[in-house]
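Colleague: predicted model and sequence follow; I will ask about them next.
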Amino acid sequence: MAGLELLSDQGYRVDGRRAGELRKIQARMGVFAQADGSAYIEQGNTKALAVVYGPHEIRGSRARALPDRALVNCQYSSATFSTGERKRRPHGDRKSCEMGLQLRQTFEAAILTQLHPRSQIDIYVQVLQADGGTYAACVNAATLAVLDAGIPMRDFVCACSAGFVDGTALADLSHVEEAAGGPQLALALLPASGQIALLEMDARLHEDHLEQVLEAAARASRDVHTVLDRVVRQHVQEASVLLGD
Amino acid sequence: MALEMRLPVARKPLSESLGRESKKHLVVPGDTITTDTGFMRGHGTYMGEEKLIASVAGSVERVNKLICVKALKTRYNGEVGDIVVGRITEVQQKRWKVETNSRLDSVLLLSSMNLPGGELAEVQAVFSDGAVSLHTRSLKYGKLGQGVLVQVSPSLVKRQKTHFHDLPCGASVILGNNGFIWVYPTPEHKEDDAGGFIANLEPVSLTDREVISRLRNCIVSLATQRMMLYDTSILYCYEASLPHQIKDILKPEIMEEIVMETRQRLLEQEG
């Protein structure tokens, strides 16, 4: 759409946000009683659900068991009603596999797998409504679910997407902004140490601008961390009160 | 056929109704617990740079010089002397694999069993990677006959001297440390010779079955409200649920009411 202005002269985006502003985040842990850990997150209109099973015995071929650490297995799926057009996505298709692989790389960096040799940790993520930033929402939901399951992690993994329009870096892109075709960067960060778990971009961006976009994404990820931190503390507080002192 | 429907209603957090604040030190992963290097690190922590950092979300427990973080909900971690209830998942040459809701399946060596069925067993040893080795030491343990299995989180089962309880309402319950709870009709005469060797397949009477169903629902509602499970709490919950029908116990409002009453009685009994 040629007439759509992603960033107005006053500095407002299509949905009224400022360049570095995140969408509203709401999250809840422990939504499924039968799974070891589960979480649900809403980032604006993007909704994702994550479920974690494990650590448990390796199912299927025993040969895949790693003698010194745990195997992390991630599966991503997108509901048929998640996008504007209803589209049936078979389970093994390329996008799901690639997302699964990216999630696995992210979480292998964060989970302390040496503590659970010869076992398997399953992370299943499903996107219920996709409005941009699906990778980020999946990572954030999966982090909460892994925490809910009591699996030891180095730190939170917080993710956010960023783009670049008219010389300004935008944080937390919505679907409209992603579809406009500009460069988009997805970043997963371990906030306390500032280490990057995963950085992904498949578009063209001049290297002079890279640092600016990366900085915007990192700042946005830290903001996400603030929100998730509050959610987890509240959850732990509530559960601790219920169990009694 | 009668059908019941309910509309979504905003829930208020359970802890509000209790009106207490937790007095423990709660941490989330990435939090620095202490920068003092004199402490030894226990479960749930790791050493990063020169600080002790938490790796799970939970409460900090300090015992002399050992600091560990107890996570809210974990899989079962075996300890020697625990009683567990499990399901046999695999039969290998000299041992059986038992599923006990822990990180790895436990092993039950044929040499440490009295009878060819052992499902109720005691933890004998823990391997270095966390798998537990079980043995059925006496005839009290072994294959379980007719009954109902309830799976709850291991952190909700209180550690007590004995895990076999005969409740006065007419059923017996075995509280496994791994969160598997077995509810069964109280056997009429205790046979000391064969024990559970012969599977008792006689039909269970209706009254016994009702008692067992009610107990099972009570245990599920206590677990949903995250209350510690032990014989007294289960018994009080059972008594509090008597005025309601068995199938109503699982409805959210009635569940809250029953558990509230149980909590009240337990507090009165202690204080």
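Modeller: All right, it came through fine.
Colleague: per-residue confidence for A:Gln75?
Modeller: As predicted, A:Gln75 sits at a pLDDT of 94.
Colleague: next, B:Met227: secondary structure please.
Modeller: Following DSSP: H, G, I helix; E, B strand; the rest coil, the label given to B:Met227 is coil.
Colleague: brain fart, A:Glu177
Modeller: helix.
Colleague: how close does it sit to chain B?
Modeller: 30 Å (CB to the nearest CB, to the nearest Å). The way it works is simple: take the backbone N, C-alpha and C, and place the C-beta from them, glycine included.
Colleague: distance check, the residue nearest to B:Ile181 when sequence neighbours are not counted against chain A.
Modeller: Closest residue in space to B:Ile181, ignoring its immediate chain neighbours: B:Val150 at 4.4 Å, by CB to CB, 6 or more residues apart in numbering or on different chains. For B:Val150, the distance to chain A equals 12 Å [CB to the nearest CB].
Colleague: how deep is B:Val150 tucked in, by neighbour count?
Modeller: Using other CB atoms under 10 Å in any protein chain shown, B:Val150 is surrounded by 22 other residues.
Colleague: get me the contact residues on the stretch 101-250 of chain B for chain A.
Modeller: Counting by CB under 8 Å from any CB of the partner chain, the residues of the stretch 101-250 of chain B close to chain A are B:103-105, B:129-130, B:155-156, B:224-228.
Colleague: not counting sequence-adjacent ones, nearest residue to the most centrally placed residue in chain A?
Modeller: The residue lying closest to the centre of chain A (CA atoms, centre = their mean) is A:Val139, at 2.1 Å. Distances taken as CB to CB, 6+ apart put A:Ala159 closest to A:Val139, at 3.9 Å, once the chain neighbours are dropped.
Colleague: report the beta-bridge partners for the one you found.
Modeller: Taking DSSP bridges as the rule, A:Ala159 bridges to A:Ala188.
Colleague: and it, how far from chain B?
Modeller: If you go by CB to the nearest CB, the gap between A:Ala159 and chain B works out to 15 Å.
Colleague: now A:Arg62
Modeller: 11 Å.
Colleague: angles on the backbone of that residue, please.
Modeller: Note on A:Arg62: backbone dihedrals following degrees, to the nearest 10 are phi -70, psi -20.
Colleague: and what about B:Val220, helix, strand or coil?
Modeller: helix.
Colleague: ok, it - contacts?
Modeller: B:150, B:152, B:250 (CB atoms under 8 Å, 6 or more residues apart in numbering or on different chains).
Colleague: you'd agree A:Cys74 is in a strand?
Modeller: Yes. Per three-state DSSP, A:Cys74 lies within a strand segment.
Colleague: quick check, A:Cys138 in a strand?
Modeller: No. A:Cys138 is assigned helix when assessed by three-state DSSP, not a strand.
Colleague: for the nearest residue to it once chain neighbours are set aside, give me its contacts.
Modeller: Closest residue in space to A:Cys138, ignoring its immediate chain neighbours: A:Val125 at 4.5 Å, by CB to CB, 6+ apart. Listed by CB under 8 Å, 6+ apart, the contact partners of A:Val125 are A:48-51, A:74-77, A:103, A:138, A:141-142.
Colleague: which residue sits closest to the residue positioned nearest the centre of chain B, ignoring its sequence neighbours?
Modeller: Nearest to the mean C-alpha position of chain B, counting by CA atoms, centre = their mean, stands B:Gly179 at 2.7 Å. Computed as CB to CB, 6+ apart, the closest residue to B:Gly179 that is not its neighbour in sequence is B:Pro154, at 4.0 Å.
Colleague: what sits against that neighbour?
Modeller: B:74-77, B:101, B:177-179 are the contacts of B:Pro154 under CB under 8 Å, 6+ apart.
Colleague: hang on, the earlier thing: give the helix, strand or coil label for the residue nearest to B:Ile181.
Modeller: Reduced to three states by three-state DSSP, B:Val150 is strand.
Colleague: B:Tyr184 now?
Modeller: strand.
Colleague: quickly list what it is bridged to.
Modeller: In beta-bridge terms (that is, DSSP bridges), B:Tyr184 pairs with B:Ser172.
Colleague: return the distance of it relative to chain A.
Modeller: From B:Tyr184 to chain A the distance is 23 Å (CB to the nearest CB).
Colleague: and the gap between that residue and A:Tyr53?
Modeller: The gap separating B:Tyr184 from A:Tyr53 is 28 Å, by CB to CB, to the nearest Å.
Colleague: ok, now A:Ala192?
Modeller: 27 Å.
Colleague: cool, and B:Val27?
Modeller: Where A:Tyr53 is concerned, B:Val27 sits at a distance of 24 Å (CB to CB).
Colleague: the more surrounded of the two?
Modeller: B:Val27 (23 against 19).
Colleague: pretty sure that one contacts B:Ile53?
Modeller: No. B:Val27 lies out of contact with B:Ile53 (CB atoms under 8 Å); the separation is 9.0 Å.
Colleague: any common contacting residues for these two?
Modeller: B:Ile33.
Colleague: so which bits of whichever strand or helix holds B:Tyr46 are buried?
Modeller: In the assignment (DSSP states H and E), B:Tyr46 maps to strand B:45-48. Neighbour-count burial for strand B:45-48 flags B:45-46 (criterion: 16 or more other CB atoms under 10 Å in any protein chain shown).
Colleague: also stretch A:98-111?
Modeller: A:99-100, A:102-104, A:106-111.
Colleague: mean confidence score for it?
Modeller: 94.
Colleague: who touches it?
Modeller: A:70, A:72-76, A:121, A:123, A:125, A:134-135, A:138-139, A:142-143, A:146, A:151-155, A:157, A:159, A:188, A:190, A:197-198, A:200.
Colleague: which parts of chain A sit against chain B?
Modeller: Counting by CB under 8 Å from any CB, the residues of chain A near chain B are A:33, A:36-37, A:54-57, A:112, A:116-119, A:147-156, A:190-193, A:229, A:232-233, A:235-245.
Colleague: apply 7 Å and report the result again.
Modeller: Counting by CB under 7 Å from any CB of the partner chain, the residues of chain A close to chain B are A:36, A:55-57, A:112, A:116-119, A:147-150, A:152-156, A:191-192, A:229, A:232-233, A:236-245.
Colleague: poorly predicted segments of the stretch 51-200 of chain B, please.
Modeller: Within the stretch 51-200 of chain B, the stretches with pLDDT under 70 are B:112-122, B:124-125, B:127-130, B:136-140, B:189-200.
Colleague: quick one, helices of it?
Modeller: Counting by DSSP state H, counting those that start in this stretch, the stretch 51-200 of chain B has no helices at all.
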